[in-house]
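Peer 1: This is a predicted model, with the sequence first.
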Amino acid sequence: MSANRPLSPHLQVYRLPLTGLVSITHRMTGVFLSIGLVLFVYVLFAIAAGEGAYGAMQAFMSYWLFKLVYWGFIYALFFHLVHGIRHLIWDFCKTFERMTLDKYAVYELIASASLTLITFVVS
């Protein structure tokens with residue numbers, strides 16, 4: 001075996017398509033939602049545990065980092081929702097053309113960001 005075999009495709013040349021990036025993002029948001037559910041259970045536990053635990057939970061949630069995680073969770077929820085709707089459209093064998101796939105991927109990103117922004121403004 002030759003040690004000078006080229007890599008195919010070369011990592012410096014290969015560019016992941018938008019649909020691939022959206023697919024990877026969908027998987028990442030699924031993991032993030034699972035982690036967020038653990039935090040949600042913590043909030044429910046603190047509510048059920050009484051005033052002291054609830055106060056500690058509120059103090060924990062007041063940090064800017066937790067607020068960032070909270071809004072990331074909301075974005076992940078909306079992104080996962082919109083991507084699920086896209087999969088429902090695919091179940092009807094629609095939008096499989098290359099240009100349509102990219103267009104719907106952009107719509108998906110815009111819709112999830114817009115829903116997050118609307119939630120931020122309303123709350």
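Peer 2: That came through, no problem.

Peer 1: Buried ones in the helix or strand harbouring F73, by neighbour count?
Peer 2: Counting by DSSP states H and E, the element that carries F73 is helix 64-91. Going by neighbour count (16 or more other C-beta atoms under 10 Å), the buried part of helix 64-91 is 69, 73-80, 82-83, 86. C-beta coordinates here come from the backbone N, C-alpha and C atoms, glycine included.

Peer 1: Ok, stretch 50-61 next?
Peer 2: Of the residues in stretch 50-61, M57 count as buried by neighbour count, 16+ other C-beta under 10 Å.

Peer 1: Could I get the full set of helices for the chain?
Peer 2: With DSSP state H applied, the chain shows helices at 18-49, 51-61, 64-91, 98-122, listed in chain order.

Peer 1: Using TSV, please lay out those helices together with distance to N4 and mean pLDDT.
Peer 2: Shown next, in TSV, are the helices of the chain (distance: least, C-beta to C-beta, whole Å; pLDDT from 0 to 100):
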stretch	distance to N4	mean pLDDT
helix 18-49	29	92
helix 51-61	56	92
helix 64-91	42	92
helix 98-122	35	93
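
Peer 1: Please compute how far stretch 78-92 lies from its chain's middle.
Peer 2: Distance, stretch centre to chain centre, for stretch 78-92: 13 Å (C-alpha atoms, centre = their mean, to the nearest Å).

Peer 1: what residues does that stretch touch?
Peer 2: The set of residues external to stretch 78-92 that reach it, using C-beta atoms under 8 Å, 6 or more residues apart in numbering, is 22, 25-26, 29-30, 33, 95-96, 104, 108-109, 111-112, 115-116, 119.

Peer 1: again, but for stretch 109-121
Peer 2: For stretch 109-121, using C-beta under 8 Å, 6+ apart, the contacting residues are 22, 71, 74-75, 78-79, 81-82.

Peer 1: distance between it and the chain's centre?
Peer 2: The chain centre lies 12 Å from the centre of stretch 109-121; the measure is C-alpha atoms, centre = their mean.
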